[in-house]
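[1] Sharing a sequence plus its predicted fold:
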Amino acid sequence: MTFILGLLCLFSSVSQLSAKDAAVVFVVDPLWDCVASYVANVPLLQEYKIIKVMTRLGETFPCNSIHNSDAEFNIQNITYNSWTLDDALATEEICPKLMSLGIPVAAVIATFDPAVYLTDRLAACLGVRGNPFEGPLAKARRDKWATNEAVRKAGLRAVNEKVVATWNEAKEFLESLPPLSKANPVVFKFLQGSSSEGVQVVTSMKQAEDIISSEVGSKSSFGEKIGQLLIQEFLHGKEYVVDTASRDGVHKVQIVWHEDLRPVNGDFDLYMGLKAMDPDDQKTKVIIDYANKVLDATGLQNGAADMEVIWVPGEATPCVVDLNARWTALMWHDGLALEKAINIDGIDQITATINAYLDGDAFNKMLPAPSLKQHGALYWPEVFHTGIMRDIPGLAVAKKLPSYLGTYMKPDAPAPIGKLIKNPHGSHSPYAIILAHKDKAVVDADYDRLIDLEFSNNFFDITPLAGRTSLTALRQAEGSLPGHQLPAVTALVIIAVAAVLALAALSQQILVALSQQNVRDGTEYLAIE
């Protein structure tokens with residue numbers, strides 16, 4: 001009660017800063033939280049009081065934005081008092097606090113996947129716009145199996161799949177399929193995975209058994225227990241992302257991206273870049289129509305969605321492989337900036353979502369799928385080996401390209417020149433390069449130029465720790481690209497160095513886990529987008 005009274009007093013002291021006597025609640029996870037940047041970049045939010053609900057206790061990372069302080073916009077925190085996410089118990093604890101604030105809540109918005117269930121529950125409790133929190137579609141926007149089953153029941157193309165909890169269950173399903181091989185793999189996923197966590201391509205029964213043994217019973221990075229795994233057919237085809245905002249069942253598409261995914265850096269589907277698709281193109285129209293029907297099938301009536309689909313060869317149809325009931329992971333400095341630059345209406349997905357919740361007139365004026373005034377792409381150059389960064393010649397080339405729009409360097413990336421750069425598993429590019437031009441052929445040519453620089457080992461000038469070497473990389477579903485094989489002795493040295501680095505990283509994780517035993521009160525958080 002003291003906490004609630006304190007909030008009431010604070011709200012009354014800052015009421016003159018807001019044009020509306022109402023609040024917007026953002027439901028966030030400690031690992032994914034940059035509410036201050038949302039308020040800074042969407043003027044409409046500055047008219048409301050902002051409350052940040054944390055789904056669990058935990059330290060947050062620095063916000064990936066120059067607007068990194070909740071205090072800058074008088075953002076208040078309410079934190080579910082547990083290290084483990086529990087949506088039902090969190091609702092019982094948090095909803096009464098929100099109802100006792102003395103001001104109405106205008107919207108409850110999820111910013112990341114683990115926040116979806118709690119957001120639906122809080123919206124229902126408060127009587128504001130939301131999505132089904134109970135019934136057959138309650139899990140259809142978070143649980144991957146439930147998503148696909150809802151899509152299948154709607155008569156849409158859905159992926160063949162099976163939920164398993166034991167090796168015997170997995171073995172029975174896998175034996176019903178053609179024999180596993182590199183040419184005929186399957187995909188293992190966490191049922192409630194986020195940011196591709198837990199996604200693995202499986203090419204043998206031994207690999208499948210090892211994954212079941214190691215993953216079932218473990219916990220995700222968000223503290224969710226992994227009791228089951230999802231096995232899905234591997235769809236060979238190009239992958240696309242459809243970013244949308246919805247209000248009362250009306251869907252508006254902000255952009256459709258073609259994802260450039262390739263088996264690089266130990267990852268079977270590393271993000272090399274994204275290309276904006278023309279919504280006036282016939283194939284894109286089919287993708288948009290399919291995506292809107294998936295939103296209907298899964299009960300997503302309000303809020304943002306970031307949907308991944310694969311265009312199935314020979315079927316002339318998309319198939320959803322992931323549905324995230326929140327906005328894109330791209331932010332103001334890269335993807336959203338590009339959306340504003342190339343969309344004819346200049347509206348990005350986060351702004352569109354805020355309109356959907358708070359301004360019906362603005363949402364109604366938005367186009368169902370805005371045409372492109374320019375074509376565009378994002379490119380993330382990757383580091384393929386550990387060594388000292390001497391120079392970045394590829395960046396100088398990028399800045400001279402006809403379609404070059406800008407470069408963003410991640411705030412958490414070290415100043416690279418003269419520094420040790422670690423060869424990561426997966427995507428850890430320090431840069432995002434933004435391309436935009438009225439001529440699609442120009443964007444495509446510039447993008448390919450950067451890709452060629454990267455795979456010929458000429459984008460970054462890195463001196464490896466044990467002699468100048470490079471790794472061979474393969475394009476997705478294509479042959480070898482320019483590169484050099486590692487000499488055997490050098491490869492062993494780098495493997496040894498990588499092992500030492502991995503051990504150091506593990507030690508750091510253990511220290512972080514131990515430090516979390518000291519519970520903070522959750523009233524002053526910084527975080528990352």
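    Yep, that arrived.
[2] what helix or strand does residue 150 sit in?
    Assessed by DSSP states H and E, residue 150 sits inside helix 144-153.
[3] what pLDDT does residue 385 get?
    Per-residue confidence (pLDDT) for residue 385: 76.
[4] Can you give the contact residues for the helix holding residue 150?
    136-137, 139-141, 157-159, 161, 163, 189-193, 230, 232, 294, 297-299, 320, 322-323 (Cβ atoms under 8 Å, 6 or more residues apart in numbering). (Each C-beta comes from the backbone N, C-alpha and C, glycine too.)
[5] Which strands border the helix or strand that it is followed by, and is each parallel or antiparallel?
    Sequence-wise, the next helix or strand downstream of helix 144-153 (DSSP H and E) is strand 161-164. Partners of strand 161-164 in the sheet, by DSSP bridges, are strand 229-233 (antiparallel).
[6] what's the following helix or strand after the strand it pairs with?
    Moving toward the C-terminus from strand 229-233, the next helix or strand (DSSP H and E) is strand 239-247.
[7] elements contacting that next one?
    Counting contacts by 3 or more Cβ pairs under 8 Å, 6 or more residues apart in numbering; DSSP states H and E, strand 239-247 packs against strand 250-264, helix 282-297, strand 303-312, helix 349-358, helix 360-365.
[8] domains in the protein, as residue ranges please.
    In the assignment given by automatic domain parsing, the structural domains of the chain cover 2-126, 160-233, 239-464.
[9] could those domains be laid out in TSV, adding mean neighbour count?
    Shown next, in TSV, are those (neighbours: other Cβ atoms under 10 Å):
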stretch	mean neighbour count
domain 2-126	19
domain 160-233	16
domain 239-464	19
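[10] can you redo these as CSV with distance to residue 145?
    Formatted as CSV, the domains of the chain follow (distance: least, Cβ to Cβ, whole Å):
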stretch, distance to residue 145
domain 2-126, 15
domain 160-233, 5
domain 239-464, 12
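[11] for the ones you listed, which one sits closest to residue 132?
    Nearest of these to residue 132, taken as Cβ to Cβ: domain 239-464 at 4.6 Å.
[12] Off-centre distance for the closest one?
    Centre-to-centre, domain 239-464 and its host chain are 11 Å apart (Cα atoms, centre = their mean, to the nearest Å).
[13] Would you mind measuring the gap between the ends of that domain?
    The straight-line separation of the ends of domain 239-464 (Cα to Cα, to the nearest Å) is 34 Å.
[14] next one: stretch 361-376
    For stretch 361-376, the end-to-end distance is 29 Å (Cα to Cα).
[15] same check, this time on stretch 430-448
    Terminal residues of stretch 430-448 lie 19 Å apart, using Cα to Cα.
[16] Let's see stretch 248-260 as CSV, backbone CA atoms only.
    Extracted C-alpha coordinates of stretch 248-260, given in CSV (Å, rounded to 0.1, in the frame of the first residue of the first chain):
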residue,chain,number,x,y,z
ASP,A,248,-9.9,-4.3,-33.4
GLY,A,249,-9.1,-7.0,-36.0
VAL,A,250,-8.1,-4.6,-38.7
HIS,A,251,-4.5,-5.2,-39.9
LYS,A,252,-2.0,-2.8,-41.4
VAL,A,253,1.3,-3.9,-42.9
GLN,A,254,4.3,-1.6,-42.4
ILE,A,255,6.8,-3.6,-44.3
VAL,A,256,7.7,-7.0,-45.8
TRP,A,257,11.3,-8.0,-45.6
HIS,A,258,13.2,-10.7,-47.5
GLU,A,259,15.6,-12.2,-44.9
ASP,A,260,19.1,-13.0,-46.3
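[17] How about the contacts made by residue 352?
    Neighbouring residues of residue 352 by Cβ under 8 Å, 6+ apart: 245, 252, 254, 304, 363, 366.
[18] distance of residue 447 from residue 256?
    Distance, residue 447 to residue 256, using Cβ to Cβ, to the nearest Å: 17 Å.
[19] meant to ask about residue 311
    Distance, residue 311 to residue 256, using Cβ to Cβ: 11 Å.
[20] so what's in contact with these two at the same time?
    With Cβ under 8 Å, 6+ apart, residue 311 and residue 256 have common neighbours 240, 287.
[21] Look up the residues forming beta bridges with residue 421.
    With DSSP bridges as the rule, residue 421 is bridged to residue 387.
[22] Could you tell me which residues make contact with it?
    By Cβ under 8 Å, 6+ apart, the neighbours of residue 421 are 383, 386, 387, 388, 389, 460, 462.
[23] So the second one sits against residue 420, correct?
    Meaning residue 386. Yes: between residue 386 and residue 420 there is a contact under Cβ atoms under 8 Å: 7.4 Å.
[24] what's near enough to touch residue 394?
    Residue 394 makes contacts with 381, 450, 453, 454, 458, 459, 460, as judged by Cβ under 8 Å, 6+ apart.
[25] Tell me which two of the residues you listed sit farthest apart.
    Across the contacts of residue 394, no pair lies farther apart than 450 and 460, at 11.8 Å, counting by Cβ to Cβ.
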